[in-house]
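Peer 1: Whatever this is, show me its structure:
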Amino acid sequence: QVQLVESGGGLVQTGGSLRLSCAGSGRGFDTYFMAWFRQAPGGEREFVAAISRVGGSTNYEDSVKGRFTISRENAKNTLSLQMTSLKPEDTAAYFCAAGTVPYDRRPETYAYWGQGTQVTVSS
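Peer 2: Residues are numbered from 1 along each chain as shown. A predicted model of the protein is given here:
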């Protein structure tokens, strides 16, 4: 079992950058495939990016390709999401998740979730 806590959200202007972090505790962080999801008010939770257990492979939702970078440092049990060229439509609560299915985009396949961190991009 792993516990996840996100941090790093905030208010930023269009075109700005933010770096989200997800700290894992418990056992076996490096045995899980990790992902970031986001959920806007009134919307469904949607896939943003995923990364393999050792960090060698990544997968992105089309709208964030070239702007967001997912990474992990297993020695520190941390997952990150570097976000650049932010747009108002990126405004959402961002969640990190741990699961056992590689690069799955369905939130229901992830067993562990953080509480979320809010990202607001002003126009």
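
Peer 1: thought A49 was touching E61?
Peer 2: Yes. In terms of CB atoms under 8 Å, A49 counts as a neighbour of E61; the distance is 6.8 Å. To be clear about C-beta, it is placed using only N, CA and C from the backbone, and glycine gets the same treatment.

Peer 1: of those two, who's got more company?
Peer 2: Neighbours were counted for A49 and for E61 using other CB atoms under 10 Å; A49 has more, 24 against 16.

Peer 1: Might you report the residue contacts of the residue most central in space within the chain?
Peer 2: Centroid-nearest residue in the chain: W36, 2.3 Å away (criterion: CA atoms, centre = their mean). Counting by CB atoms under 8 Å, 6 or more residues apart in numbering, W36 touches L20, C22, V48, A49, A50, I70, L79, L81, Y94, F95, C96, A97.

Peer 1: what pairs with the last one across the strands?
Peer 2: For A97, the beta-bridge partners under DSSP bridges are A35, W113.

Peer 1: can you check the fifth one too?
Peer 2: Under the criterion DSSP bridges, A50 forms beta bridges with A35, N59.

Peer 1: Now the residue lying farthest from the centre of the chain: closest residue in space, sequence neighbours ignored.
Peer 2: Going by CA atoms, centre = their mean, the residue of the chain most distant from its centre is S123, 22.6 Å out. Leaving aside its sequence neighbours, S123 sits nearest to P88 (CB to CB, 6 or more residues apart in numbering; 4.8 Å).

Peer 1: State the pLDDT value of G55.
Peer 2: Listed pLDDT for G55 reads 87.

Peer 1: That one reaches R72, doesn't it?
Peer 2: Yes. Between G55 and R72 there is a contact at 4.8 Å, judged by CB under 8 Å.
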